[in-house]
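Undergrad: I need the structure of the sequence given here:
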Amino acid sequence: MHEGPRYLPVLARKPDVDQAALDALVARAFGTTVPVSCQRTPDGLRTQVYRLRRDRETFYLRLAEEADENLEAEAELFRQLRQLGVRVPEPVHVEPFDPALGRSVLITTEIHGVPLEQVSVRSGATTALQEAGADLARLNQHPVKGFGWIQRRGPGPLQAQLDTYGSFVIDGLPPRHTWPGPLATAFSTETLDAIERLVEQEIARPVPAATLAHGDLTLAHIFVQRGAYTGLIDFGEIRGTDSLFDLGFFHLNAPEVLGVPLLPVLLEGYQRVQPLPPDHLESIRRSAVVHGLPELCGWLAPERGIPRDHPVVAARVSRIAELAAQPG
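TA: Next up is the predicted model:
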């Protein structure tokens, strides 16, 4: 499987952290009896992630993006999700704040295997995607207080930034008096009209309470080993929203492989755990369009200066236009 280009070479990679401080933290977590090697992973721009190898075991160490974030919140979330049967990393060490590193730090176990996007055997990939759908349904039932980005403030109920779903929908979109803003350079007038109708429908949709979203569900974050599903990774984009956000995000970013649509496979596993309403396909389509816009607006904004013909931008524009044109 392969999703196509996903990366925008525009953000500066955060520098490596102080090695002596990192070594001291690893020693506190694992002791000094068995040597532990520590190497930064090649991916991760805003987030500094290190791969730790201890004998035959592999762990991952992640530093909070901001100094005021406490990754105890994420460690507790992983514990709760694992109790529900969701296959996510297991936290093995967390520090609310390391003065030498200037950040909170979380160490977790490894999810074994490779990303599903690297798997070419269709039957095994289908089964794994169905199992990932079941895990996603369990994850999407976890309650969150508020909508938007999760505030990592330590143990306790998950808290997000915004009070209403409508405010979450418009967060990152051009204000009404400047609409369509940078989107004007990307879409035709007809497509913009269709997009605006979908945004208005989503703002008006009643979502009284938020639930957890993975926030970045793609084939790159679903792992398999020898054809068997092993778990979900990369929870840096978690947020509180409606239960269809992740399905819409997946539909936007992983539509098909070799002409085979992927969403029905994911939904088959999802509905083993959580039934969906009769109009769920239309709701997922609308979610894919609406929630794919804020990131696109950021890419096209003058502050980022990403050209319209960049492959990632062009792919996002084409996919949103395709979904917006489908009959509702």
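
Undergrad: list the contacts of the nearest residue to residue 69 once chain neighbours are set aside.
TA: Nearest non-adjacent residue to residue 69, counting by C-beta to C-beta, 6 or more residues apart in numbering: residue 152, 4.2 Å away. The C-beta positions use only the backbone N, C-alpha and C, and glycine is treated the same way. If a contact means C-beta atoms under 8 Å, 6 or more residues apart in numbering, then residue 152 has 64, 69, 70, 71, 73, 74, 104 as its contacts.

Undergrad: what's the ChimeraX line that selects buried ones from the residues you listed?
TA: To isolate in ChimeraX the members of the contacts of residue 152 that are buried, counting by 16 or more other C-beta atoms under 10 Å, one can use:
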select :64,69,70,71,73,74,104
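
Undergrad: report the separation between residue 172 and residue 149.
TA: 11 Å (C-beta to C-beta, to the nearest Å).

Undergrad: how about residue 202?
TA: 18 Å.

Undergrad: when these two are compared, which one has more neighbours?
TA: Legend: neighbour count by other C-beta atoms under 10 Å for residue 202 and residue 149, higher for residue 202 (22 against 16).

Undergrad: pretty sure residue 87 contacts residue 230?
TA: Yes. Between residue 87 and residue 230 there is a contact under C-beta atoms under 8 Å: 6.4 Å.

Undergrad: need the overlap of contacts for those two.
TA: residue 111.

Undergrad: ok so, going back, narrow the contacts of residue 152 to those in helices?
TA: Using DSSP state H, the subset of the contacts of residue 152 located in helices is 73, 74.

Undergrad: the contacts of residue 152 in strands, which ones?
TA: residue 104 (DSSP state E).

Undergrad: between the contacts of residue 152, which is nearest residue 274?
TA: Of all those, residue 74 has the smallest distance to residue 274: 23.1 Å, by C-beta to C-beta.

Undergrad: show me what contacts the closest one?
TA: 91, 106, 152, 235, 238.

Undergrad: doesn't the second one belong to a helix?
TA: Read that as residue 106. No. Read with DSSP: H, G, I helix; E, B strand; the rest coil, residue 106 is strand and lies in no helix.

Undergrad: quickly run through the sheet partners of the helix or strand bottoming out on mean pLDDT in the chain, with directions.
TA: Least confident helix or strand of the chain, by mean pLDDT, DSSP states H and E, is strand 256-257 with a mean of 74. Here strand 256-257 is paired, per DSSP bridges, with strand 260-261 (antiparallel).

Undergrad: how far away from the center of its chain is the partner strand?
TA: Remark: strand 260-261 is offset 22 Å from the chain centroid, using C-alpha atoms, centre = their mean, to the nearest Å.

Undergrad: repeat that for stretch 61-70.
TA: On C-alpha atoms, centre = their mean, the centre of stretch 61-70 falls 17 Å from the chain's centre.

Undergrad: same deal with stretch 292-302?
TA: In terms of C-alpha atoms, centre = their mean, the centre of stretch 292-302 is found 17 Å from the chain centre.

Undergrad: give the buried residues for it.
TA: Buried residues in stretch 292-302 (16+ other C-beta under 10 Å): 292, 293, 294, 296, 297, 299, 300.

Undergrad: over to stretch 89-109?
TA: Taking 16+ other C-beta under 10 Å as the criterion, stretch 89-109 shows 89-98, 101, 103-109 as buried.

Undergrad: that stretch: how far from the chain's middle?
TA: 20 Å.
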